[in-house]
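Participant: Okay, sequence plus prediction incoming.
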Amino acid sequence: VKEFSDYDKLLSPIVSEYDRWIKNLDQQLLSIPKKFTDNKVTDHQINNCVEAKKRISDGIKIISTNPMAGQAFQFANEVMYDQMIYSKWAKRNIKNGKVDGDAPPISEYEKDGYPSWYVFQLAYILLNIKSIVEPTSEEGKKEREIVDLLWFPTGGGKTEAYLGIVAFVFAMRRLREEEPNKYGVNVIMRYTYRLLTQQQFQRAAALMCSCERKRQKNPKKWGTEPFLVGLFVGDTTTPNSNTVAEKNIKIYTKHYPKGKPASQNPVQIINCPRCGMNLGPRNYHISNLPKRMRVKCANKKCDFGDEDNDESFLPVVMTDDDIVSTLPSLLIGTVDKLARLTWEPRFAAIFGRVRRHCRQHGFWPANTSSGDLCKIHKNNDGKPMYRDIESIPPPELIIQDELHLISGTLGTLVGLYETVIDDLCLHNGIKPKIIASTATIKNSEDQIKWLFARDRSKIFPPQAFDFGDTYFSKIVPE
């Protein structure tokens, strides 16, 4: 797409075909028992579809007429395309036990079938555009209040839909804000199980590689700070401090491939998400400028393995120390980890409460004292490496996967902390947007109200009159 107005021509068939499908529902009313039409159940179902259609249409209009939103949508599509190509190549290399070539044979992959969206994925992204681009408009504020619940079968592609929205939010923040407000945690993505959190972290790392490669090619447009994804889980999985990480890296390296730490293991990515090369503790080290744990791919020809390039490191952070100092654009964690907010004031930095940024030490939380530590370091021009800042915007998108698992005692605890998180994410009177997924929609409206104190929730894709009857999907019994 060269002209953003072209989006209207490209995407309007989604709306027109969906509209035709909705109008066909009126014909089906004739065969529905009167007790359902009399009590307005059918009207409610149709209205949900009509509202979804309007929001999708509004999203298309925004990216077609607002150049900044158009560029952000273009960014999201480009990085998702790149991520799909490289992930396919990396999986093949992992399966074969070696990296085949310097880069994926793109023409070969494209010949097999271009990476593409399912219609429901694209529609879900468009559905949420207004709440991200126009959060201060009357309709944008209303849509911010809605929790959009993605209900689709396991393996159907929900994660890709999420990642598309995540990439769009990244681009909007970098285009819309000035230094240093374009940085910080943009999105918090939460899960209940640590194993699933680790798996999704690796998938998100592939997208972050694509985002970071695009940024490196044009830092003037996309910022000087890297796009990063952070893994935010308990210390039975990852080390909380870089001191422990460094100690465990040395122990693991000495006894590799045996000697894997039973807990606080810093080696969380064992294959490069960009090329598929095997990674071990030797690829992990604690650097001094910037001061954090970094992972360099063992493949020197990889975009993230170039020994002569200081930016050639995988865009991932995995210790609490690094999460606070780098404030990764995407923070993936477990719901229980956020209970640490009560005990560690430095985590206020996740919500934009910072007072300084230093080339060596990264962001300093507002409620901690940096003393003279940064002042002794100088750039080559003799000027300090740091700058004092007031604050940066908090996360604007919260993604809650596996919503149905947050019930009972866990649900009560999460609901208590959610009150605080919602308040910490408040920015200029605007609440964060919340999207979620679930395997069952039973009592979802009440559950969302109890967890997030949001009075409105919408299921996407909205059902019509029969179970599984949506324009975006159909049930195949066999």
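Facilitator: Arrived safely, thanks for sending.
Participant: For the rest of this, base every contact and every neighbour count on C-alpha atoms.
Facilitator: Noted.
Participant: which stretch of helix or strand covers residue 436?
Facilitator: Here residue 436, judged by DSSP states H and E, is contained in strand 433-438.
Participant: so what strands line up beside that strand?
Facilitator: Strand 433-438 pairs in its sheet with strand 146-151 (parallel), strand 397-400 (parallel), by DSSP bridges.
Participant: Mind naming the longest helix for the chain?
Facilitator: helix 67-96 (DSSP state H).
Participant: For that helix, name the packing helices and strands.
Facilitator: When contacts are defined as 3 or more C-alpha pairs under 8 Å, 6 or more residues apart in numbering; DSSP states H and E, helix 67-96 packs onto helix 41-65, helix 158-176, helix 194-217.
Participant: buried stuff in it?
Facilitator: Across helix 67-96, burial judged by 16 or more other C-alpha atoms under 10 Å covers 68-77, 79-94.
Participant: State the distance from the residue nearest to the spatial centre of the chain to residue 461.
Facilitator: Geometric centre of the chain, nearest residue: residue 166, 4.2 Å, by C-alpha atoms, centre = their mean. For residue 166, the distance to residue 461 equals 19 Å [C-alpha to C-alpha, to the nearest Å].
Participant: returning to what we had before: contacting residues around the next helix or strand after the strand holding residue 436?
Facilitator: Scanning forward in sequence from strand 433-438 by DSSP H and E, the next helix or strand is helix 444-452. With contacts defined as C-alpha atoms under 8 Å, 6 or more residues apart in numbering, helix 444-452 is touched by 147, 404, 407, 411-412, 414-416, 418-419, 422, 454-457.
Participant: residue contacts, residue 169?
Facilitator: 72, 132, 186, 187, 397.
Participant: can you put the strands paired with strand 433-438 in CSV and add distance to residue 279, mean pLDDT and mean neighbour count?
Facilitator: Formatted as CSV, those follow (distance: least, C-alpha to C-alpha, whole Å; pLDDT from 0 to 100; neighbours: other C-alpha atoms under 10 Å):
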stretch, distance to residue 279, mean pLDDT, mean neighbour count
strand 146-151, 34, 94, 22
strand 397-400, 29, 96, 22
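Participant: what's across from residue 331 in the sheet?
Facilitator: With DSSP bridges as the rule, residue 331 is bridged to residue 188, residue 230.
Participant: give the contact list for it.
Facilitator: Residues in contact with residue 331 (C-alpha under 8 Å, 6+ apart) are 185, 187, 188, 189, 229, 230, 231, 232.
Participant: Wait, the fourth one touches residue 332, no?
Facilitator: Yes. Shown here, residue 189 and residue 332 form a contact pair, counting by C-alpha atoms under 8 Å, at 4.8 Å.
Participant: tally of neighbours for residue 390?
Facilitator: A count of nearby residues for residue 390, using other C-alpha atoms under 10 Å, gives 12.
Participant: For it, which residues are in contact?
Facilitator: Shown in contact with residue 390 (C-alpha under 8 Å, 6+ apart): 353, 354, 355, 356.
Participant: ok, now residue 202?
Facilitator: 269, 273.
Participant: Quick one, grab the pLDDT at it.
Facilitator: Here, the pLDDT recorded for residue 202 equals 90.
Participant: what does residue 374 give?
Facilitator: At residue 374, the pLDDT value in this model is 67.
Participant: what stretches of this structure score poorly on pLDDT?
Facilitator: Scanning the chain for pLDDT under 70 picks out the ranges 369-382.
Participant: Specify the beta-bridge partners of residue 400.
Facilitator: residue 190, residue 436.
Participant: ok, it to residue 285 distance?
Facilitator: Counting by C-alpha to C-alpha, the separation of residue 400 from residue 285 is 32 Å.
Participant: rewinding a little: narrow the contacts of helix 444-452 to those in strands?
Facilitator: 147, 456, 457 (DSSP state E).
Participant: Throw those into JSON lines and include distance to residue 256, thanks.
Facilitator: As requested, the ones in strands among the contacts of helix 444-452 are exported to JSON lines (distance: C-alpha to C-alpha, whole Å):
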{"residue": "147", "distance to residue 256": "46"}
{"residue": "456", "distance to residue 256": "52"}
{"residue": "457", "distance to residue 256": "50"}
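Participant: now, among the residues you listed, which is nearest to residue 368?
Facilitator: Nearest to residue 368 among the ones in strands among the contacts of helix 444-452: residue 147, at 34.4 Å, using C-alpha to C-alpha.
Participant: Break down the stretch 201-350 of the chain into its helices, ranges please.
Facilitator: Along the stretch 201-350 of the chain, counting by DSSP state H, counting those that start in this stretch, helices occupy 219-222, 242-255, 320-326.
Participant: How many neighbouring residues does the nearest residue to residue 65 once chain neighbours are set aside have?
Facilitator: In this structure, residue 65 finds its nearest non-sequential neighbour in residue 5, 6.3 Å apart by C-alpha to C-alpha, 6 or more residues apart in numbering. Residue 5 has 18 neighbouring residues, counting by other C-alpha under 10 Å.
Participant: Same check on residue 195?
Facilitator: By the criterion of other C-alpha under 10 Å, residue 195 has 12 neighbours.
Participant: what's the answer for residue 467, then?
Facilitator: Neighbours of residue 467 (other C-alpha under 10 Å): 9.
Participant: So it lies in a strand, does it not?
Facilitator: No. Per DSSP: H, G, I helix; E, B strand; the rest coil, residue 467 lies outside any strand segment and is coil.
Participant: how close does the residue nearest to residue 235 when sequence neighbours are not counted sit to residue 242?
Facilitator: In space, and not counting its chain neighbours, residue 235 is closest to residue 264: 5.3 Å by C-alpha to C-alpha, 6+ apart. Distance, residue 264 to residue 242, using C-alpha to C-alpha: 11 Å.
Participant: Please apply the same query to residue 10.
Facilitator: For residue 10, the distance to residue 242 equals 48 Å [C-alpha to C-alpha].
Participant: which of the two has more neighbours?
Facilitator: The neighbour count for residue 10 versus residue 242, taken as other C-alpha under 10 Å, is higher for residue 242 (20 against 11).
Participant: these two touch, right, that one and residue 323?
Facilitator: No. With contact defined as C-alpha under 8 Å, residue 242 does not reach residue 323; the gap is 10.8 Å.
Participant: picking that back up, closest to residue 437 out of the strands paired with strand 433-438?
Facilitator: Residue 437 lies closest to strand 146-151 among these, at 4.6 Å (C-alpha to C-alpha).
Participant: isn't residue 22 right next to residue 52, touching?
Facilitator: No. In this structure residue 22 lies outside contact range of residue 52 using C-alpha under 8 Å: 10.8 Å.
Participant: related to what we said a few turns ago, and whichever helix or strand comes after the longest helix of the chain, which residues are buried?
Facilitator: Sequence order places helix 106-112 as the next helix or strand after helix 67-96, per DSSP H and E. Buried positions in helix 106-112, judged by neighbour count with 16+ other C-alpha under 10 Å: residue 109.
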